[in-house]
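Chemist: based on what follows, work out the 3D shape:
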Amino acid sequence: MSDTTPLDLVGSIVVFGFICFKSFQLFKKRDMKMSKSYKLEMFANSLSRFLISNIKFLVILFAIIVIAIQSTTPVIDLEVLNEGPVEHFIILLLILVININAFNAFKYCGRV
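Modeler: Next up is the predicted model:
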């Protein structure tokens, strides 16, 4: 069985669809002022901004989890993170932040 939830699948499809839509919208513009290399650079910059934002968020999230687990008072147990509402909250948080990062990174691709 797969570990992906339907919400995770829908979130991935939304991000992939939005990135494809913005890139198609960028490359179908027939503007004489902008060359294809400029459009490709704009797409590459947006994609790298999206990836770097997601990596930053994941590092911060995992650092918070590690600090919470390694604290002197046992507030969070490792088994608690992998079951029930906490796991669903982490999945929802990841999907929400990835979608926000995608919308933020590719917002200028359609405005040429």
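
Chemist: hey, where'd the helices end up in the chain?
Modeler: 6-27, 36-69, 78-81, 84-105 (DSSP state H).

Chemist: lowest average confidence across those helices, which one?
Modeler: Lowest mean pLDDT of those: helix 78-81, a mean of 56.

Chemist: ok, and the closest non-adjacent residue to F43?
Modeler: S23 (5.5 Å; C-beta to C-beta, 6 or more residues apart in numbering). From N, CA and C alone the C-beta is placed, and that goes for glycine too.

Chemist: how about a markdown table for the helices of the chain, with mean neighbour count added?
Modeler: A markdown table is the format used below for these (neighbours: other C-beta atoms under 10 Å):
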| stretch | mean neighbour count |
| --- | --- |
| helix 6-27 | 14 |
| helix 36-69 | 13 |
| helix 78-81 | 11 |
| helix 84-105 | 14 |
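
Chemist: now do the contacts for D8.
Modeler: By C-beta atoms under 8 Å, 6 or more residues apart in numbering, the residues touching D8 are 91, 95.

Chemist: any idea how far I65 is from it?
Modeler: 18 Å (C-beta to C-beta, to the nearest Å).

Chemist: and what of C109?
Modeler: Counting by C-beta to C-beta, the gap from C109 to I65 is 33 Å.

Chemist: picking up where we left off before, the residue nearest to F43 touches A102, doesn't it?
Modeler: No - counting by C-beta atoms under 8 Å, S23 stays clear of A102, with 11.7 Å between them.

Chemist: please report how far the residue most central in space within the chain lies from F21.
Modeler: Central residue of the chain (C-alpha atoms, centre = their mean): I98, 2.2 Å from the mean position. Distance, I98 to F21, using C-beta to C-beta: 16 Å.

Chemist: right, I'll call it a day here.
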